[in-house]
Each structure stands twice: as C-alpha cells, then as structure tokens.
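take this sequence and fold it.
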Amino acid sequence: MQLEIIHSCPPKDEEITAVRKGLQAFNLKTLNHLKDTVHEFGFFLYFENTVLGGITGRTFLGALQIKYLWIDEKLRRKGYGKNLINKAEAFGQSYGCRFAVADTLSFQSLGFYQNNGYSIELTQKGYDGGEIIYYLRKSLV
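Now for the predicted structure:
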C-alpha cells in the first residue's frame, strides 16, 4: 500500500471529521466501559432563525468540556452567557459530571468564567502578542 501525505490548508470539513471520528473510535474501543459517558451538546440563542449565541461541548469521563461559547456583541452583559453556561452545567450534572473545564484566551472571556465560579488551573504563555491561554475548572458537585 502506497500512502501519501497531502497538505490541506485549510483542511476540508470531511478531513477533520475523518480524523475526529477515527480518534473517537479508538478512544471508545480503548475505554469501552466508559462509552456511555460521551454526550455532545449545544444550547443556542435564536432570533428569527438566526443564531446569536451559544455554547457547545461534551461530557467526557465525568467532566463537562466546554468547547465554544459565543454571544453576539449586542447581547453581551445581559445574562445570556450566564444562562447558557448554567444550562450546560446542568446538562453535565444530569450525566454525572463532577466538574467542568474550559479554555479562553487572555482577550476573550476570563472574567466571565471567573464570575461564574471557574478558577484558573493552568496558564500557558508565549503566544504572539503576549496572549495567554487560560485553562479553567469548576466543581459541579
């Protein structure tokens, strides 16, 4: 079999999906006894069939992993983000999650997460422009 490495920039959706599904299959095979702990979720703010915000992620090995959280600028500081994160955390708790994790860049939403009970677990420095990635955690029990 002759394999070829092909550079794809940006990668196609189907390429990303193939890698993600392959890794997920390996993980579930390896952690078969925990296969029922993975539940992807999304809660979204809609206005006239347009998404104006949302939170996505998954439950995994007893944790709620927040992948994306975004609110349209016009709707920020009106409680929508808090409402979304509360719904995500309740979803995680309903599947037995003991804690939640998220990451955010220094210019994004560190204060928001901290105001909602998240604490910094790891700080990763050295990014261009002096940016920092914060890895956050909150107990759900």
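
for burial, what's the neighbour tally of Leu105?
14 (other CB atoms under 10 Å). For the C-beta atoms, the positions are set from N, CA and C on the backbone; glycine is no exception.

so what's it bridging to?
In this structure, Leu105 bridges to Ile133 when assessed by DSSP bridges.

residue contacts, Phe60?
Thr37, Val38 (CB atoms under 8 Å, 6 or more residues apart in numbering).

ok, now how distant is it from Gly111?
Phe60 is 26 Å from Gly111, where distance means CB to CB, to the nearest Å.

ranges for the strands of the protein?
39-47, 50-60, 63-71, 99-105, 119-124, 133-139 (DSSP state E).

tell me what the fourth one is packed against?
Contacts of strand 99-105 with other secondary structure elements, assessed using 3 or more CB pairs under 8 Å, 6 or more residues apart in numbering; DSSP states H and E, are made with strand 63-71, helix 80-94, helix 110-115, strand 133-139.

rerun at 10 Å
strand 50-60, strand 63-71, helix 80-94, helix 110-115, strand 119-124, strand 133-139 (3 or more CB pairs under 10 Å, 6 or more residues apart in numbering; DSSP states H and E).

what angle do that strand and strand 119-124 make?
Angle between the axes of strand 99-105 and strand 119-124 is 40 degrees (criterion: axes from the mean of the first three to the mean of the last three CA atoms, to 10 degrees).

buried residues in strand 99-105?
For strand 99-105, the neighbour count (16 or more other CB atoms under 10 Å) marks Phe99, Ala100, Val101, Ala102, Asp103, Thr104 as buried.

same deal with the longest one?
Residues of strand 50-60 classed as buried: Leu52, Gly53, Gly54, Ile55, Thr56, Gly57, Arg58, Thr59, Phe60 (neighbour count, 16+ other CB under 10 Å).

the first one touches Leu75, doesn't it?
If I follow you right, that is Leu52. Yes - applying CB atoms under 10 Å, one finds Leu52 in contact with Leu75, separated by 5.9 Å.

residues shared between the contacts of the two?
Leu45 (CB atoms under 10 Å, 6 or more residues apart in numbering).

find the nearest non-adjacent residue to the spatially most central residue of the chain, please.
Geometric centre of the chain, nearest residue: Lys67, 1.2 Å, by CA atoms, centre = their mean. Take Lys67 and drop its neighbours on the chain: the residue closest to it by CB to CB, 6 or more residues apart in numbering is Gly57, 4.4 Å away.
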